[in-house]
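> no FASTA, just this:
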């Protein structure tokens, strides 16, 4: 008699390898590490009801005068407002799996897809905050090229940068450059300031020492506590540019004053169970987000360049 054909293998499509043997039914998949988005904790996040919004910022440019007891008082200049109008887009994930997979998998496929979509969306939001184009997505901190212009002279969304003094590296005296970056900010911005860089840049900065051989970098005392650099917390954002010519690998400042993220409604999810495509279950997860540079005086960037 002919041998019985083996059962078909599950398709890898949409997590199809998750169909497990009976002895593995309680296993829940672990996940590869993803790039965490530190900016949700750093920038200002507001909830809005419409994409047609204007966020006012005072230019703090009012003037005063001095007079004697009987002298004439003349009008002084009143403060003016800058209007920030953030662009919006829908960040989404749209995935599917076969009906059989959803029924036979060793774990909750829908919950797994939702978790992975959330991780991917966090990475995408982080990238948009740094370098978003402003077209169907937020505009990023680096969308308007930073310049060396003084505060009050640059375009409204352009940051100020300090050059490393070298075309391809952090320069001959990176420790001095870091100190200069700190004090290039006004004191009120330094109060809530943080450093942001990627891991590769952090590895180089972590090795810097002062004249007495002491590291400029201090690790957090407890688990989860941020490391500090010259007394200010360091946050790792892997989408930050690397140390390459004309890049901006390091930023420092008060990001809660420099950038606004707008949530237009909550994170939403729709389950399409065998409706538009019989035999397939689909998950559509999305969130409408906007974002824009708000106070461009609140953050400084370091540029890999001679000038």
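All right, it came through fine. Every value quoted in this text rests on a predicted model; they were computed, and no experiment measured them. Numbering: from 1, shown residues only.

> Which helix or which strand is home to the closest residue to residue 35 other than its chain neighbours?
Nearest-residue entry for residue 35: residue 238, 4.1 Å, with adjacent residues in sequence omitted and distances by Cβ to Cβ, 6 or more residues apart in numbering. Glycine gets a C-beta too; all of them are placed from N, C-alpha and C. Counting by DSSP states H and E, there is no helix or strand that carries residue 238.

> wouldn't residue 238 be in contact with residue 197 here?
No - applying Cβ atoms under 8 Å, one finds residue 238 not in contact with residue 197, separated by 9.6 Å.

> between these two, who's got more neighbours?
Between residue 238 and residue 197, counted using other Cβ atoms under 10 Å, residue 197 has the larger neighbour count: 26 against 16.

> That one against residue 248, yeah?
No - Residue 197 is not in contact with residue 248 according to Cβ under 8 Å; the separation is 9.9 Å.

> can you count the residues close to residue 113?
Counted with other Cβ under 10 Å, residues neighbouring residue 113 total 21.

> Confirm residue 179 sits in a helix?
Yes - counting by DSSP: H, G, I helix; E, B strand; the rest coil, residue 179 is part of a helix.

> Can you report how many residues lie near the nearest residue to it once chain neighbours are set aside?
Sequence neighbours aside, residue 230 is the residue nearest to residue 179 in space, at 6.6 Å (criterion: Cβ to Cβ, 6+ apart). Number of residues near residue 230 (other Cβ under 10 Å) recorded here: 17.

> Would you mind measuring from residue 230 to residue 178?
6 Å (Cβ to Cβ, to the nearest Å).

> Need the residues touching each of these two.
residue 216 (Cβ atoms under 8 Å, 6 or more residues apart in numbering).

> these two touch, right, the residue nearest to residue 179 and residue 177?
No - contact criterion Cβ under 8 Å: residue 230 and residue 177 do not qualify, at 11.2 Å.

> one step back: shared neighbours of residue 197 and residue 248, anything?
Shared contacts of residue 197 and residue 248 (Cβ under 8 Å, 6+ apart): residue 240.

> now the helices for the stretch 51-200 of the chain?
All helices of the stretch 51-200 of the chain, identified by DSSP state H, counting those that start in this stretch, fall at 99-104, 109-131, 174-184, 187-190, 199-205.

> The first one: which residues count as buried?
Neighbour counts using 16 or more other Cβ atoms under 10 Å place 101-102 of helix 99-104 among the buried residues.

> Same question for the longest one.
Of the residues in helix 109-131, 109-110, 112-114, 116-119, 121-131 count as buried by neighbour count, 16+ other Cβ under 10 Å.

> Check what contacts it and list those residues.
Contacts with helix 109-131, where a contact means Cβ under 8 Å, 6+ apart, come from 15, 18, 29, 31, 34-40, 43, 91-93, 95, 97, 101-102, 137-138, 140-143, 237, 239-240, 259, 261, 267, 269, 271, 281, 283, 285, 287, 289, 291.

> ditto for stretch 61-73
Identification of contacts with stretch 61-73 by Cβ under 8 Å, 6+ apart yields 74, 76-80.

> got those residues as TSV, with pLDDT, distance to residue 297 and neighbour count columns?
Shown next, in TSV, are the contacts of stretch 61-73 (pLDDT from 0 to 100; distance: Cβ to Cβ, whole Å; neighbours: other Cβ atoms under 10 Å):
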residue	pLDDT	distance to residue 297	neighbour count
74	94	29	7
76	94	22	9
77	94	19	10
78	93	20	8
79	90	15	10
80	90	15	11
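
> now, which of those sits nearest residue 217?
Checking these against residue 217 by Cβ to Cβ gives residue 79 as the nearest, at 39.9 Å.
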